[in-house]
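Trainee: coordinates only, no sequence provided:
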């Protein structure tokens, strides 16, 4: 009979000391690690609770949920005026787009979403054909759907576009045009060819030196004076072009930052391998530079999305503009109407910007291992 | 060299502008388009507001409908272009719109140096005061505001008007100015000041947004002149006359008791020569009155406008007056015979 002196199984694990693991441990570690931190935690908890309660109280508990006009919302101590939102919301989405034609922006949006979502998910294939569709075919389809004029679709002038539709149209076209233009400008600025370089520098500095409002004003107020009577360039197009050129100048600087962060050795290695200058730039420098610039690029996208509200100064009703116009409706004039409208605007803008920012973070994380190598 | 180039460019631009102005008449353009291009505000309570069904409503809007009815026989044939305050005159000068009906104050500089013409005064506005009658039951007039604190927006003429008025009436006052209108209103509602001042039509609009509108009264006095009216391009007198006389027709109709409801009956049965002339009914000797033809539009111009839009009083009551939530008193916008300023030359 032999005795085993060697233990053939682990001793049973003992529970960690109370207060170092689990929820309690996390709390202690992160919120109450010292007296000062504990006080701060409590203070902030009270502040957040106070604000959250205020919002909840206003938006839900004291809110008016049903009603036909201002009389419902004009009662004492009322909170948010939701019936105003119910009535106006379709208009906030579509602007003055004819009511019978509202299915068209919806269809355009659905097609876009159907193509964009697989594009954004890294696991799915067919990226190239998808990108081709999104960048070449889709704009034509979307424009045709929105503007009409062919295939028996009644024409809808851009002056009657509005609301979230216009915000998205302006932001998406701005984003799609400003990124490639910005990359080209950034490369141009780095170029050793003097004319290309100085032209790029001039473009970037001029557009960065002018406030966006001025650009939009010039496009909307000055331009018509120089055109013959009756000839008018589409106002929305003028705004989009202005906004895209403006954003591309900033984009160029963001990309240039990335380009400069890629060490010269990378270029030299590429050239030493026998790659041409174009190949080196496209296959070695640019991918690394763009990865580095993702946070800045997305920052510009988010800025661009929010800047779309400025098109109101040239009388295009974007999402915020149409909410503002609705606030002037005497039918709904009440103490909390404006606050309710702006609350919804804040929620919608936040949702879009937050989504963009989270997706950028996801992309950054996904590309990170390549950077560590 | 640079200067020369600049001069050349400016010259070219100016000649382009001039060439633009010298096109065919606005009336022909309107007929050709099939609609009147009307510049309105981006949203001003009672004057031009889009409703949830995308229809524009308001006084300025109704005036454009009246023009369309008079010129094209159909008051719905209007294309509304919302404009910012900065864009409005350029839009008119560049031909983007045919008439600017956008709560625009008639001033000398605008009338004489911008290449514009004001066709009439749709609304006599001006700076007014609002007070809370539960807090100040004894204030019935601005003259009772001696020693009061007044809230208003800073950096506007409002501020200067108050100073002038109180000084000339030898009254003490304290001014509390705010960067934004909303802040001034909030201060007024919190009781930090006794009265709030801005244009009277704006006071009525703000009153509606207050916690208890009925406790706040707009004082009757107006201390500044803000005559608001439709504007057309200078240099097209035919179109100017049409716009001007559509406005006069609306006022005359109210004076003569013609409304959108009785206009058919009036046209058929009225024996009043003034009514017959205005409505284009044939006169006793069988000849048409000829006032519409004289302007190059249909004889039933005023009839169409009145039938589809209504007379001045109806437009006022429906949009800003007693039948609207705003409930603005007629005040200076009452007909001349009732003590107001609305007066139109006779159709003769």
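Mentor: Yes, it's here. For clarity, every value in this text was computed on a predicted model and none was experimentally measured.
Trainee: got the contact list for residue B:213?
Mentor: A:74, B:207 (C-beta atoms under 8 Å, 6 or more residues apart in numbering or on different chains). C-beta here means a position set from N, CA and C on the backbone, and glycine is covered the same way.
Trainee: quickly note the distance from it to residue B:290.
Mentor: 49 Å (C-beta to C-beta, to the nearest Å).
Trainee: kindly report the same for residue B:264.
Mentor: From residue B:264 to residue B:290 the distance is 21 Å (C-beta to C-beta).
Trainee: could you do residue A:138 as well?
Mentor: Residue A:138 is 60 Å from residue B:290, by C-beta to C-beta.
Trainee: show me which of the two is the more surrounded one.
Mentor: Neighbour comparison, residue A:138 and residue B:290: the larger count goes to residue A:138, with 19 against 12 (by other C-beta atoms under 10 Å in any protein chain shown).
Trainee: can you give me the buried ones in the lowest-mean-pLDDT helix or strand in chain A?
Mentor: Ranked by mean pLDDT, DSSP states H and E, the weakest helix or strand in chain A is helix A:223-226, scoring a mean of 73. For helix A:223-226, the neighbour count (16 or more other C-beta atoms under 10 Å in any protein chain shown) marks A:223-224 as buried.
Trainee: what is it packed up against?
Mentor: helix B:2-21, helix B:88-93 (3 or more C-beta pairs under 8 Å, 6 or more residues apart in numbering or on different chains; DSSP states H and E).
Trainee: need the next SSE after that helix, C-terminal direction.
Mentor: The helix or strand immediately downstream of helix A:223-226 is helix A:235-261, counting by DSSP states H and E.
Trainee: can you tell me the average pLDDT over that next one?
Mentor: Averaged across helix A:235-261, pLDDT comes to 89.
Trainee: ok, stretch B:176-190 next?
Mentor: pLDDT averaged over stretch B:176-190 gives 86.
Trainee: which residues are contacting it?
Mentor: Here stretch B:176-190 has contacts from A:338, B:130, B:149-155, B:159, B:192-193, B:195-196, B:198, B:206, B:209-211, using C-beta under 8 Å, 6+ apart.
Trainee: buried ones in it?
Mentor: B:176-178, B:181, B:184-185, B:187-189.
Trainee: which two from these end up farthest apart in space?
Mentor: B:177 and B:189 (16.4 Å; C-beta to C-beta).
Trainee: lowest-confidence stretch among the helices and strands packed on helix A:223-226?
Mentor: Among these, helix B:2-21 scores lowest, with a mean of 43.
Trainee: contacts only, for residue B:198.
Mentor: Contact analysis of residue B:198 by C-beta under 8 Å, 6+ apart lists B:127-128, B:152-153, B:158, B:181, B:206.
Trainee: please confirm that it is located within a strand.
Mentor: Yes - the assignment for residue B:198 by DSSP: H, G, I helix; E, B strand; the rest coil puts it in a strand.
Trainee: gap between it and chain A?
Mentor: To chain A, residue B:198 is 15 Å away according to C-beta to the nearest C-beta, to the nearest Å.
Trainee: and that residue, how far from residue B:213?
Mentor: Distance of residue B:198 to residue B:213, given as C-beta to C-beta: 16 Å.
Trainee: please apply the same query to residue B:173.
Mentor: In terms of C-beta to C-beta, residue B:173 sits 25 Å off from residue B:213.
Trainee: please parse chain A into its domains.
Mentor: Chain A breaks down by automatic domain parsing into domains covering A:35-64, A:80-97+A:156-372.
Trainee: check these for me: which has the lowest mean pLDDT.
Mentor: domain A:80-97+A:156-372 (a mean of 87).
Trainee: show me where chain B has its helices.
Mentor: B:2-21, B:26-33, B:59-72, B:88-93, B:108-113, B:157-168, B:181-189, B:200-208, B:237-256, B:263-269, B:273-279, B:291-295, B:301-308, B:312-319 (DSSP state H).
Trainee: okay, these, which one's buried deepest?
Mentor: helix B:59-72 (a mean of 28; mean count of other C-beta atoms under 10 Å in any protein chain shown).
Trainee: report the angle between that helix and helix B:200-208.
Mentor: 120 degrees (axes from the mean of the first three to the mean of the last three C-alpha atoms, to 10 degrees).
Trainee: against which helices or strands is helix B:59-72 packed?
Mentor: When contacts are defined as 3+ C-beta pairs under 8 Å, 6+ apart, helix B:59-72 sits against helix B:26-33, strand B:36-40, strand B:78-82, strand B:99-105, helix B:237-256, helix B:301-308, helix B:312-319.
Trainee: how many neighbours does residue A:29 have?
Mentor: 12.
Trainee: which ones are touching the nearest residue to residue B:136 once chain neighbours are set aside?
Mentor: Excluding its sequence neighbours, the residue lying closest to residue B:136 (C-beta to C-beta, 6 or more residues apart in numbering or on different chains) is residue B:194, at 6.2 Å. Contacts for residue B:194 were tallied using C-beta under 8 Å, 6+ apart; they are B:131-132, B:135-136, B:139, B:145, B:148-150.
Trainee: what subset of the residues you listed is buried?
Mentor: Buried members of the contacts of residue B:194, scored by 16+ other C-beta under 10 Å, are B:131-132, B:139, B:145, B:148-150.
Trainee: can I get those residues in TSV with pLDDT and distance to chain A?
Mentor: Shown next, in TSV, are these (pLDDT from 0 to 100; distance: C-beta to the nearest C-beta, whole Å):
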residue	pLDDT	distance to chain A
B:131	92	18
B:132	91	15
B:139	88	23
B:145	88	25
B:148	90	24
B:149	91	22
B:150	91	22
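Trainee: show me those that map onto strands.
Mentor: B:131-132, B:148-150 (DSSP state E).
Trainee: can you tell me which of the residues you listed is closest to residue B:305?
Mentor: Taking C-beta to C-beta as the measure, residue B:305 lies nearest residue B:131 of those, at 39.1 Å.
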